[in-house]
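> Generate coordinates for the sequence data below:
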Amino acid sequence: MIQLLLGLVLAEMALIVVFIFQSPPSKLVTMALDRVKRGQGPIVVKAIAGVIFLVIMATAYNALVLRRRLTHDGEASGADQILLANYWLQISLMGTSLFLGLTIDRFHYCFQELSVRRKHSLAAASEGIKALEQERTKLQEKIMKLQTQLEYRDNEANMLKSQLMKTSEEALQLTIQLEQKTKEAISAEANALALRKQSEGFLLEYDRLLEENQILRRKLFSENKKDM
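This is a model prediction of the structure:
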């Protein structure tokens, strides 16, 4: 009995050590406990714990009865003392076994809660990462659109610049042509003024010649009359 209880206590201590130090066997132990707690497993475990508790009570009662008897008799033989020590050792081992079993159950519960929270946190983190990825994708799309618009604006600016340069060249050519036309107009006006002055001189000369012609005709007409 003591060897069985000692083996149970050592096994429970080993399980606790496996729980404390995270290792691949801890996952296997957790999976095994998960299977034990499914279906009728919790009822069986509680029944075993109840039986152990009743055995502890019975053993404790026997130990107390034996102790009272030894106290009442006054003399205790070696066999009675060994039996009493055996009782107390069994009680200690069974109590320790129940305590370690409860500790393993709490450890398992804590690890389950931790795994669930870890899954939730990982899910939330993955959702956050997905949201960030979506936002980054949207920002990249916006940046691409802005770059496209900027390139389009740059092309428009370059086209306007080229048109402005072309217009400036045309305006310069027109200015040169205007200056040439202005010079031609000034020279034409000077020529017209000169021709006008020349025509006025010709008209004066024509009037003078006409008067001389009339004078000569009058003289000729008067001489003809005298001859007759």
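> Low-confidence ranges, the chain, go.
Residues of the chain meeting the criterion pLDDT under 70: 22-24, 26-27, 34, 36-37, 39, 41, 73-77, 225-228.
> residues near residue 93, how many?
20 (other Cβ atoms under 10 Å). In short, each C-beta sits where N, CA and C put it, glycine included.
> Would you mind measuring from it to residue 20?
22 Å (Cβ to Cβ, to the nearest Å).
> could you pull out the helices for this protein?
2-20, 24-36, 41-73, 78-227 (DSSP state H).
> hang on, residue 100 packs against residue 9?
Yes: at 6.4 Å, residue 100 counts as touching residue 9 under the criterion of Cβ atoms under 8 Å.
> ok, now which ones touch residue 90?
Shown in contact with residue 90 (Cβ atoms under 8 Å, 6 or more residues apart in numbering): 1, 2, 5, 59.
> State the distance from it to residue 111.
Residue 90 sits 31 Å away from residue 111, going by Cβ to Cβ.
> Residue 201 now?
As for residue 201, its distance to residue 111 is 130 Å (criterion: Cβ to Cβ).
> Of the two, which one has the most company?
Between residue 201 and residue 111, residue 111 has the larger neighbour count (other Cβ under 10 Å), namely 18 against 10.
> Distance of the more buried one relative to residue 16?
12 Å.
> same thing with residue 175?
The value you get for residue 175 to residue 16, if Cβ to Cβ is used, is 101 Å.
> If you count surrounding residues, which of those two has more?
residue 16 (14 against 10).
> Show the contacting residues for that one.
Taking Cβ under 8 Å, 6+ apart as the test, what residue 16 contacts is 100, 103, 104, 107.
> Am I right that the third one is in contact with residue 14?
No: taking Cβ under 8 Å as the contact criterion, residue 104 and residue 14 are not neighbours in contact, 10.3 Å apart.
> between those two, who's got more neighbours?
A direct count of neighbours by other Cβ under 10 Å for residue 104 and residue 14 places residue 104 higher, at 19 against 12.
> Need the nearest residue in space to the more buried one, chain neighbours excluded.
residue 15 (5.4 Å; Cβ to Cβ, 6 or more residues apart in numbering).
> Touching, that neighbour and residue 30? I think so.
No: Residue 15 is beyond contact range of residue 30, at 10.3 Å (criterion: Cβ under 8 Å).
> And these two? Which one has more around it.
Between residue 15 and residue 30, counted using other Cβ under 10 Å, residue 15 has the larger neighbour count: 21 against 17.
> Distance of that one relative to residue 116?
21 Å.
> what's the answer for residue 103, then?
Residue 103 sits 20 Å away from residue 116, going by Cβ to Cβ.
> Of these two, give the one with the bigger neighbour count.
For the pair residue 103 and residue 116, the greater number of neighbours falls to residue 103 (15 against 10), based on other Cβ under 10 Å.
> which residues touch the more buried one?
By Cβ under 8 Å, 6+ apart, residue 103 lies in contact with 12, 16.
> how much space is there between it and residue 20?
Using Cβ to Cβ, one obtains 11 Å as the distance from residue 103 to residue 20.
> swap in residue 176?
Relative to residue 20, and taking Cβ to Cβ, residue 176 is found at 98 Å.
> Grab the most central residue of the protein for me.
residue 132 (3.2 Å; Cα atoms, centre = their mean).
> ok, now which ones touch that residue?
Residue 132 neighbours (Cβ under 8 Å, 6+ apart): none.
> that older thread, anything in contact with each of residue 15 and residue 30?
Common neighbours of residue 15 and residue 30 (Cβ under 8 Å, 6+ apart) do not exist.
> burial measure for residue 92, as a count.
By other Cβ under 10 Å, neighbour count at residue 92 equals 13.
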